[in-house]
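S.K.: have a look at this prediction, sequence included:
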Amino acid sequence: MQALKISRCLKLYTQITAYPQIMRPLFPCFLWITVLVTGTSSVFAQITTAKMTNAPIADALITGASITEAPTTSSQMPTILVSIAPLATLVKDLWPEAKVRVLIAGSEDFHHFQWQPVQLARLQQADWVVWLGAHQEPALVSTLQRLPASKVITLFANHPERVADQPAPAQPDEIHLWLDPLAVTKMLSILGERWQKTSQAHQQQQIQQQFWQNWQARLLSLGKRPFAIQHDAISSWVQFFGLTQTLAITSDHEHEPGVQQLWNMRQQLQHSPIVCYLQTQSLDPWWPKISTHLAPPIKTATLDLFSASDYPLVDQSYYLGFIQQNLEKLENCLR
């Protein structure tokens with residue numbers, strides 16, 4: 001008998017929903033009638049009276065859309081918005097309890113970023129915004145300047161300067177700083193001081209120092225193995241590990257190679273063979289044009305330098321998990 005009553009109520013509800021203009025005033029009454037007729041628990045009745053005062057939730061119930069709760073301002077951990085995914089791994093290592101969100105996903109084009117409504121919404125909801133700086137992420141400058149200065153953490157205010165006792169590479173990489181061990185040490189210090197987590201930052205720096213030293217010893221025998229790369233993004237690793245990079249097809253994403261330049265690169269590889277070619281993007285329009293008729297074998301590997309995937313922890317560190325997966329790909333390609 002109760003099942004029959006519920007069926008009749010559902011049929012009546014279906015008929016009423018065909019007329020949106022009368023649905024809104026009748027919807028709370030209909031729910032109350034359903035409670036009385038079917039004997040539904042008092043919990044449902046409480047939901048009816050409490051939630052129907054919230055118009056967005058009422059609309060979601062009527063249209064069948066998903067319901068999302070409004071953000072609360074209670075004693076929750078802060079929401080930290082980082083510009084790119086690799087920075088999220090550093091923040092998680094330093095402040096595991098915080099809610100970390102990413103502005104530019106690893107699958108998006110870091111070099112040609114354009115704001116979308118969902119990203120602007122994340123920006124407004126964040127308690128902190130962490131980014132590299134104007135030189136590395138110029139597309140973010142004008143928007144972040146409108147935010148309160150106390151909300152934004154800029155890791156590199158100017159062109160980054162390397163430590164005085166470290167030899168500078170011929171063409172220092174000032175963009176992909178999340179791959180540079182020295183730059184990451186500085187990032188941890190800045191974040192630790194800003195969030196009063198200097199002890200955690202120091203601990204992470206020690207863990208990372210040991211990690212990099214272990215990998216220096218691991219890659220020592222492969223330093224003379226020549227390789228080429230799609231986009232010049234790991235010059236800090238070339239210097240740190242003593243690797244032999246003979247060719248980078250693009251120095252940046254703003255200056256793509258032309259036909260003549262690609263032909264010259266192919267000629268260069270014919271005279272100076274390589275053992276490995278590293279892609280920095282899953283789609284590579286240039287390597288097939290260069291590698292035609294080159295003497296095999298040339299191994300290839302695709303690096304994930306923007307942390308588009310979630311990786312297992314290494315030494316209880318999200319950042320080192322991300323780095324190790326790429327170093328393993330590099331190592332296997334050079335062997």
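M.R.: Yep, that arrived. Numbering: from 1, shown residues only.
S.K.: what about this protein, any weak spots by pLDDT?
M.R.: For the chain, applying pLDDT under 70 flags the ranges 1-75, 106-112, 158-172, 252-254.
S.K.: ranges for the strands of it?
M.R.: With DSSP state E as the criterion, the chain has strands at 79-84, 99-104, 128-131, 152-154, 226-231, 244-250, 276-279, 299-302.
S.K.: report the inter-axis angle for the longest one versus strand 226-231.
M.R.: So the one you mean is strand 244-250. Computed with axes from the mean of the first three to the mean of the last three Cα atoms, to 10 degrees, the direction of strand 244-250 lies at 20 degrees from that of strand 226-231.
S.K.: other SSEs contacting strand 244-250?
M.R.: For strand 244-250, the elements it packs on are strand 226-231, helix 235-241, helix 259-271, judged by 3 or more Cβ pairs under 8 Å, 6 or more residues apart in numbering; DSSP states H and E. C-beta here means a position set from N, CA and C on the backbone, and glycine is covered the same way.
S.K.: now the third one
M.R.: With contacts defined as 3+ Cβ pairs under 8 Å, 6+ apart, the secondary structure elements packing on strand 128-131 are strand 79-84, helix 85-94, strand 152-154.
S.K.: how about the ones you listed, which one is nearest residue 272?
M.R.: Distance to residue 272, taken as Cβ to Cβ, is lowest for helix 85-94 among those, at 31.8 Å.
S.K.: quick one: residues in contact with stretch 319-327.
M.R.: Residues lying outside stretch 319-327 but in contact with it, judged by Cβ atoms under 8 Å, 6 or more residues apart in numbering, are 86, 89-90, 92-93, 179, 184, 204, 207-208, 211, 215, 219, 303-305, 307, 309, 311-314.
S.K.: and these, which are buried?
M.R.: Buried subset of the contacts of stretch 319-327 (neighbour count, 16 or more other Cβ atoms under 10 Å): 86, 89-90, 92-93, 179, 184, 204, 207-208, 211, 215, 219, 303-305, 307, 311, 314.
S.K.: looking at those residues, which are in helices?
M.R.: Residues from the buried ones among the contacts of stretch 319-327 lying in helices, with DSSP state H as the criterion: 86, 89, 90, 92, 93, 184, 204, 207, 208, 211, 215, 219.
S.K.: wait, what's in contact with residue 256?
M.R.: Shown in contact with residue 256 (Cβ under 8 Å, 6+ apart): residue 250.
S.K.: now do it against residue 276, distance only.
M.R.: With distances taken as Cβ to Cβ, to the nearest Å, residue 256 is found 22 Å from residue 276.
S.K.: and what of residue 240?
M.R.: To residue 276, residue 240 is 18 Å away according to Cβ to Cβ.
S.K.: do residue 130 as well
M.R.: The span separating residue 130 from residue 276 equals 34 Å under the rule Cβ to Cβ.
S.K.: can you check residue 308 too?
M.R.: Here the distance between residue 308 and residue 276 works out to 21 Å (Cβ to Cβ).
S.K.: wait, residue 232 touches residue 173, no?
M.R.: Yes. Residue 232 is within contact range of residue 173, at 7.2 Å (criterion: Cβ atoms under 8 Å).
S.K.: count of neighbours near residue 141?
M.R.: Taking other Cβ atoms under 10 Å as the neighbour definition, residue 141 ends up with a count of 12.
S.K.: surely it meets residue 132?
M.R.: No. Here residue 141 lies out of contact with residue 132, judged by Cβ under 8 Å, at a distance of 11.3 Å.
S.K.: before we move on, back to that, determine which two of the ones in helices among the buried ones among the contacts of stretch 319-327 are furthest apart.
M.R.: Greatest spatial distance among these (Cβ to Cβ): 92 and 219, at 26.3 Å.
S.K.: can you report phi and psi for the closest residue to residue 154 other than its chain neighbours?
M.R.: With sequence-adjacent residues excluded and distances taken as Cβ to Cβ, 6 or more residues apart in numbering, residue 154 is closest to residue 133, at 5.2 Å. In this entry, residue 133 is assigned phi and psi values of phi 150, psi 170 (degrees, to the nearest 10).
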